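Novice: next comes the sequence, and after it the predicted model I'd like to discuss.
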2 protein chains.
Amino acid sequence: MAAPAPVPEELNVGLLLFIPYRAMENRIFDALALAGFDDFSPAQARVMQRIGPDGTRLTELAESAQVTKQTASHLVDQLERTGYVRRTPDPSDARARLVRIAERGAAAQPVAAAALAQVEDEWRAHLGERRWRQLREALAGLREITDPYR
Amino acid sequence: MAAPAPVPEELNVGLLLFIPYRAMENRIFDALALAGFDDFSPAQARVMQRIGPDGTRLTELAESAQVTKQTASHLVDQLERTGYVRRTPDPSDARARLVRIAERGAAAQPVAAAALAQVEDEWRAHLGERRWRQLREALAGLREITDPYR
DNA sequence: GAGATTAGTTCGATCGGCTGACCATCGTCA
DNA sequence: TGACGATGGTCAGCCGATCGAACTAATCTC
């Protein structure tokens, strides 16, 4: 333990979480824009990122992203218009439709993944392997009690 | 943030950060509303939270919250109208004005602080003291390379 | 002191997100 | 079996957040 927390300004945990989150979002967003994927917004991305490999229902997306169905629907509209996603019928329920990644979305994913990996590498390098793993582990633990969706 | 399809265990760090952040924000917001402070928005709170004890310039607030000066100005307008903050002249620069916490803002702060402490306690209890400290430490480390303001 | 820079505001537009109202399908239970 | 509540989704209308452009006033630099 050593030094008795010399930190005078104990920045609150909420802010402490938000700062790197925002940095990550910006980095990925910039990388995508640089690769030509500049025709979508952070809000759209926040929804798109939650689409599973086999498609995801709108309601599920809405819950997961913590927005109303209407908002999610609206964002999916835009994503559909620009070719990032596609709505397909849900075979198991005629009311529902599955939102799936479309061609342009599929093209953007590797770019986003690469940017993500790049940032994670930088963070890991900065923190060191041990602290990095501890961070991931603690965040996963936190998720158990803070993820309203899951 | 846009990232590839989530695999449950390997959920990307951005999302892992976002989930508890959002949960924290919601909890504090609810507590404030319950205590009668229901006449302001999350966006306003995000700005207000960054006001220092001796007041903070608008431009500084804008940078720190990563919004434009116009947006910050607009939010401060509202906060001023509802009595949470006050604009005072900056003695060191006649162009500038210091945004300070006003009466209603000062009244809200202990409520927010209590809610924050409550949530932190819950999180600490869930993670255990050791992991909790590791989390805080890692986040502080991350801030060194992700906080564009500082 | 002229010109560039900086702090802040005003204006106008767009986008994100919400509520309310609605339709179609599904599931259940009398 | 069929009526009715619950569920998945859309449409319409509204407000707040945020941005870009253009502007004023004060400051800084030579």
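Specialist: Sure, I can see it. Numbers count the residues shown, from 1 in each chain, chains lettered A, B, ... in the order given.
Novice: and the longest helix for chain A?
Specialist: As assigned by DSSP state H, the longest helix anywhere in chain A is helix A:103-127.
Novice: tell me which residues are up against it.
Specialist: By CB atoms under 8 Å, 6 or more residues apart in numbering or on different chains, the list of residues contacting helix A:103-127 from outside reads A:20, A:23-24, A:27-28, A:30-32, A:35, A:37, A:48-49, A:51, A:79, A:82-85, A:101, A:132, A:135, B:2-5, B:12-14, B:138, B:141-142, B:144-146. Bear in mind the C-beta positions are built from the backbone N, C-alpha and C, glycine included.
Novice: and stretch A:85-97, by the same measure?
Specialist: With CB under 8 Å, 6+ apart as the contact definition, stretch A:85-97 has outside contacts at A:48, A:51, A:55, A:57-59, A:76, A:79-80, A:98-102, A:105.
Novice: same thing with stretch A:74-81?
Specialist: Counting by CB under 8 Å, 6+ apart, the neighbours of stretch A:74-81 from elsewhere in the structure are A:40-41, A:43-44, A:47-48, A:58, A:61, A:67, A:85-87, A:99, A:102, A:105.
Novice: what's the burial count for A:Glu80?
Specialist: 15 (other CB atoms under 10 Å in any protein chain shown).
Novice: assign A:Ala94 to helix, strand or coil.
Specialist: Using DSSP: H, G, I helix; E, B strand; the rest coil, the structure places A:Ala94 in coil.
Novice: which residues does A:Lys69 contact?
Specialist: Remark: with contacts taken as CB under 8 Å, 6+ apart, A:Lys69 is in contact with A:Leu58, A:Thr59, A:Ala62.
Novice: ok, the first one touching A:Thr71?
Specialist: No. The pair A:Leu58 and A:Thr71 does not pass the contact test of CB atoms under 8 Å, sitting 10.4 Å apart.
Novice: returning to what we had before: show me which of the contacts of stretch A:85-97 neighbour DNA strand D.
Specialist: By CB under 7 Å from any atom of the strand, the members of the contacts of stretch A:85-97 lying near DNA strand D are A:Arg57, A:Leu58, A:Thr59, A:Val76, A:Leu98.
Novice: top of these by neighbour count?
Specialist: Most neighbours among those, by other CB under 10 Å: A:Val76, with 23 neighbours.
Novice: where's that one relative to DNA strand C, distance?
Specialist: With distances taken as CB to the nearest atom of the strand, to the nearest Å, A:Val76 is found 11 Å from DNA strand C.
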